[in-house]
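[1] I need the structure of the sequence given here:
(one chain, ligands or ions: 2)
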Amino acid sequence: MKILVTGGTGYIGSHTVLELLEAGMEVAVVDNLCNSSEESLKRVEQITGKKAVFYPVDIRDEDGMRDVFLKEQPYAVIHFAGLKAVGESVEIPLKYYDNNIGGTLTLLHIMKEVGCKNIVFSSSATVYGNPASVPIREDFPTSATNPYGRTKLMIENILRDLYRSDDSWNIILLRYFNPIGAHESGMIGEDPAGIPNNLLPYVAKVAVGKLEKVHVFGNDYNTPDGTGVRDYIHVVDLAKGHIKAIEKIVKTEEAENGKAGALGLKVYNLGTGNGYSVLDIVAAFSKACGKELPYVIDPRRAGDIDMCYADPALAKEELGWSAEYDLDRMCADTWRWQSRNPDGYATK
Ligand code: NAD
Ligand code: WQD
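    Ligands and ions are numbered 1, 2, ... in the order given. I've put the predicted structure just below:
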């Protein structure tokens, strides 16, 4: 069975390609390398001894995408390709709408044209906006507070409309909470360009001596220690959730004698169900790297919420998936990747 992975050289994509190959699937990757390096796939090949076919194509390139689909004839698409920096999306919204919405529309046009109607989409906990309570269930109201979040919500709605118009599609929306960690080999991991926006890559760069101290954005939130609480999930657990999603489509179709669209449209949270504060993270990472990490308390970051963590029960019940790795393991694996690759994939 062949799976086409858009954005497959990126952080979550490369870990998912690895798990797909380990599960015995064939993999084709499409990525324009705007936020990643092909080196990630070379390392996946070194780890697994198996190779994914790589196409350096932009998902907005209709002819290029058609060629890939006609050549590869994938059973399903896992769609990671997109821009994801919240702050940047506020500065340059048109680029985000063009890339994320335009790219997804082109992808869906081609999928429809060639008759590939199985898709797993990378959505985000950001679609819950500022939730009224935690843990967050899939049936909570959705909203978005920035252009990035709006692209995720719009794509979810585009996929719902597509399904309403043609029920031979199988569509799974996976809403990720906060992915961190790296493959245990220490050979692939998150490699953000410039100064990281997200907490874990920032903390990791402080630990490796590339940044001076952690800036804690606010300690006056309505949380146990006053700092923001999130549901951090190991990227390998997250990657495995995608394998379960593909297997769910296959098994449901098999159970219904190959009926196209047997599964329909489903939404699942991928989180652990545990919330950790910023100070919990600084402490856990200090333990992992064996030194106390310096931090200062800064003002709140605009748009941040106090608490966000998942109710992951539905994914457990319907996909047979739950997260296995704890916070110490997430920090240990991040540290192994960061300390062995202080300059990410550019490390000599
Ligand atoms: P990433 O930037 O590492 O990976 C995204 C990949 O998509 C990159 O390799 C990039 O080069 C590629 N890409 C972007 N636009 C493209 C285009 N037009 N054509 C072809 N390739 C393109 O990010 P990630 O953290 O691996 O995130 C993967 C997906 O998961 C994204 O859609 C993101 O919005 C979503 N997501 C991420 C998080 C997170 O915190 N990392 C949380 C929730 C959802
Ligand atoms: C986590 C906590 C910050 C940096 C973002 C996106 C979301 C999703 C995941 C894609 C918060 C605090 C952070 C720092 C800090 N991405 N923090 N110092 O904001 O929960 O989610 O990534 O879909 O859409 O919004 O993640 O890692 O930026 O922040 O104190 O230098 O760490 O205030 O409480 P966030 P994050």
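[2] Let me see the backbone angles for the closest residue to N35 other than its chain neighbours.
    Once flanking residues are discounted, N35 sits nearest to G10: 6.3 Å by Cβ to Cβ, 6 or more residues apart in numbering. Glycine gets a C-beta too; all of them are placed from N, C-alpha and C. Main-chain dihedrals, G10, degrees, to the nearest 10: phi -80, psi -170.
[3] For the strand or helix carrying I78, which helices and strands make contact with it?
    I78 is part of strand 76-79 when elements are defined by DSSP states H and E. Contacts defined by 3 or more Cβ pairs under 8 Å, 6 or more residues apart in numbering; DSSP states H and E place strand 76-79 against strand 2-6, helix 103-114, strand 118-124, helix 235-255.
[4] Quickly run through the sheet partners of it, with directions.
    Strand 76-79 pairs in its sheet with strand 2-6 (parallel), strand 118-124 (parallel), by DSSP bridges.
[5] For the ones you listed, give me TSV that also has distance to N274 and mean neighbour count.
    Converted to TSV, the strands paired with strand 76-79 look like this (distance: least, Cβ to Cβ, whole Å; neighbours: other Cβ atoms under 10 Å):
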stretch	distance to N274	mean neighbour count
strand 2-6	28	25
strand 118-124	18	25
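[6] quick one, phi psi at whatever residue of the chain ends up closest to ligand 2?
    Going by Cβ to the nearest ligand atom, ligand 2 is nearest to G228 of the chain, at 2.2 Å. Backbone torsions for G228, taken as degrees, to the nearest 10, come to phi -60, psi 140.
[7] Can you name the residues that contact it?
    Contact partners of G228, counting by Cβ atoms under 8 Å, 6 or more residues apart in numbering, are 217-218, 221, 277-278, 304-307.
[8] Could you report the pLDDT at it?
    Listed pLDDT for G228 reads 98.
[9] which stretches of this protein form helices?
    Counting by DSSP state H, the chain has helices at residues 11-22, 39-48, 62-72, 86-91, 93-96, 103-114, 147-165, 199-207, 235-255, 278-289, 313-314, 327-340.
[10] Could you measure from the residue nearest to E39 when sequence neighbours are not counted over to ligand 1?
    The spatial neighbour of E39 that comes closest, neighbours along the chain excluded (Cβ to Cβ, 6+ apart), is Y345 at 4.2 Å. Applying Cβ to the nearest ligand atom, to the nearest Å, the value for Y345 to ligand 1 is 11 Å.
[11] list the contacts for Y345?
    For Y345, the contact set (Cβ under 8 Å, 6+ apart) comprises 37, 39-40, 191.
[12] For this structure, which residues are neighbours of ligand 2?
    Residues of the chain lying close to ligand 2 (Cβ under 6 Å from any ligand atom) are 84, 86, 124, 126, 178, 197-199, 202, 215-217, 228, 230, 278, 301, 304.
[13] Of the residues you listed, which qualify as buried by neighbour count?
    Buried subset of these (neighbour count, 16 or more other Cβ atoms under 10 Å): 84, 86, 124, 126, 178, 198-199, 202, 215-217, 228, 230, 278.
[14] From those, list the ones also adjacent to ligand 1.
    Contacts with ligand 1 within those, as defined by Cβ under 6 Å from any ligand atom: 84, 124, 178.
[15] Could you double-check that the first one lies in contact with Y148?
    Okay, so that is K84. Yes: at 6.5 Å, K84 counts as touching Y148 under the criterion of Cβ atoms under 8 Å.
[16] who touches G10 in this structure?
    G10 is in contact with 31, 35-36, 40, 80-81, counting by Cβ under 8 Å, 6+ apart.
[17] circling back to that earlier point, pull up the gap between the residue of the chain closest to ligand 2 and G129, please.
    Counting by Cβ to Cβ, to the nearest Å, the gap from G228 to G129 is 15 Å.
[18] Repeat that for L279.
    Remark: distance between L279 and G129 (Cβ to Cβ) = 25 Å.
[19] what do you get for P135?
    When distance is defined by Cβ to Cβ, P135 is 15 Å away from G129.
[20] Equivalent analysis for V90, please.
    Taken as Cβ to Cβ, the span from V90 to G129 is 15 Å.
[21] If you count surrounding residues, which of the two has more?
    Neighbours of V90 and G129, each counted by other Cβ atoms under 10 Å, are more numerous for G129; the result is 18 against 15.
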